[in-house]
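A.B. asks: sequence? don't have it. structure:
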């Protein structure tokens, strides 16, 4: 009986000791929310696919202008350049400074890169009085041994977008192009 009590006490002691040694799963420090670009533009692409708005797209490249009108478009591909950056990922957050400003009719949140190597240099989100996103601005930069480029993008939910890109490929002339897309009927 004493032996059983000793074994039971020893088992209980070991169980308590092992429990005390276990570390709790560390929660990721949330801090301020960071905008999830991929999720937002995936949802926008799905919404646009379902609504199929009529659009007018203007493309300026090499001194020429082209106009395209339509109703069907692969919105996931069309909006891909907006949703590539993973600003919301915990490993990336520390590379950005987040600021917010109250505006006369809403507020603005901006993220500025603190690291030059990041493609996403700046993100600005403007919200209206009902906390609805009214405008999203991105400034992207890409540099490597073969290619350098800079893009400025603006997205207006339910209205359209604008993209202006300057690029230089080694051994080729630099190029600029601009795209504007406006929803005609929504």
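C.D. replies: That came through fine. A quick note: this is a predicted structure, and the numbers were derived from the prediction, not measured.

A.B. asks: okay, CA-based contacts and neighbour counts for the rest of this
C.D. replies: Will do.

A.B. asks: Leaving out sequence neighbours, find the closest residue to residue 164.
C.D. replies: residue 178 (4.4 Å; CA to CA, 6 or more residues apart in numbering).

A.B. asks: Also residue 157?
C.D. replies: Nearest one to residue 157, counting by CA to CA, 6+ apart, is residue 134 at 6.3 Å.

A.B. asks: residues in contact with the residue nearest the centre of the chain?
C.D. replies: The centroid of the chain falls nearest to residue 37 when counting by CA atoms, centre = their mean (2.3 Å). Applying CA atoms under 8 Å, 6 or more residues apart in numbering to residue 37 gives the contacts 82, 83, 84, 85, 86, 87, 88.

A.B. asks: which residues touch the fifth one?
C.D. replies: Meaning residue 86. With the criterion set at CA under 8 Å, 6+ apart, residue 86 makes contact with 36, 37, 38, 92.

A.B. asks: Repeat that for the fourth one.
C.D. replies: Under the criterion of CA under 8 Å, 6+ apart, the contact list for residue 85 reads 37, 38, 119, 120.

A.B. asks: what do you get for the first one?
C.D. replies: Contacts here follow CA under 8 Å, 6+ apart; on that basis residue 82 touches 37, 38, 41, 138, 153.

A.B. asks: quick one: which two of the residues you listed are the most distant?
C.D. replies: Largest separation among the contacts of residue 82 by CA to CA: 38 and 153, giving 15.0 Å.

A.B. asks: Run through the helices of the protein in chain order.
C.D. replies: 2-21, 37-51, 75-78, 90-93 (DSSP state H).

A.B. asks: Tell me how far residue 129 lies from residue 172.
C.D. replies: 47 Å (CA to CA, to the nearest Å).

A.B. asks: Specify which residue of these two has the higher count of neighbours.
C.D. replies: residue 129 (12 against 8; other CA atoms under 10 Å).
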